[in-house]
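Asker: this one's structure only:
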């Protein structure tokens, strides 16, 4: 039996397989291989994941640097005059890299690198004097620590 969460993927894979068999006139068979007997595939998967993680980390660092330079070049963002509105204000150029770092369900950033990247982002927002970003990053750090 297939777990319910995997059923949609299974159905899609079977649909693609059916199309391949019809259009290409080939027959495919699948055989389960225990992980212990498939070290090559396991090591290839680990290499691909490491590449994805390294690429994601480099992309985020690049995004942090370009965002920092952009904000520094355009000057400090203006804030609402009311203290209450300022506390709820969450518009910042640093929102995009923060969302990418915080996306722990869909991202490729390893958990062990998130605190480092949040510190890099905080450093960039501090250099840019973006108080809103600093507050949001602090909140993200608190949330990250509670996980």
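Answerer: Thanks, I have it. All figures in this text were calculated on a predicted structure; none of them were measured in a lab.
Asker: drop to CA atoms for contacts and neighbour counts, all remaining ones
Answerer: Noted.
Asker: pLDDT score for residue 102?
Answerer: pLDDT, the model's per-residue confidence, is 84 for residue 102.
Asker: What distance do you get for the spatially most central residue of the chain to residue 113?
Answerer: Nearest to the geometric centre of the chain sits residue 107, at 2.5 Å (C-alpha atoms, centre = their mean). The spacing between residue 107 and residue 113, counted by C-alpha to C-alpha, to the nearest Å, is 12 Å.
Asker: circling back: just the pLDDT for the residue nearest to the centre of the chain.
Answerer: pLDDT, residue 107: 76.
Asker: burial measure for the closest residue to it other than its chain neighbours, as a count.
Answerer: Nearest-residue entry for residue 107: residue 100, 6.9 Å, with adjacent residues in sequence omitted and distances by C-alpha to C-alpha, 6 or more residues apart in numbering. Residue 100: 15 surrounding residues under other C-alpha atoms under 10 Å.
Asker: Quickly find the element holding residue 100.
Answerer: helix 95-102 (DSSP states H and E).
Asker: what packs against that helix?
Answerer: Applying 3 or more C-alpha pairs under 8 Å, 6 or more residues apart in numbering; DSSP states H and E, one finds that helix 95-102 contacts helix 39-74, helix 114-127, helix 131-146.
Asker: In JSON lines, list the ones you listed along with distance to residue 92 and mean pLDDT.
Answerer: Formatted as JSON lines, the helices and strands packed on helix 95-102 follow (distance: least, C-alpha to C-alpha, whole Å; pLDDT from 0 to 100):
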{"stretch": "helix 39-74", "distance to residue 92": "9", "mean pLDDT": "90"}
{"stretch": "helix 114-127", "distance to residue 92": "9", "mean pLDDT": "92"}
{"stretch": "helix 131-146", "distance to residue 92": "6", "mean pLDDT": "87"}
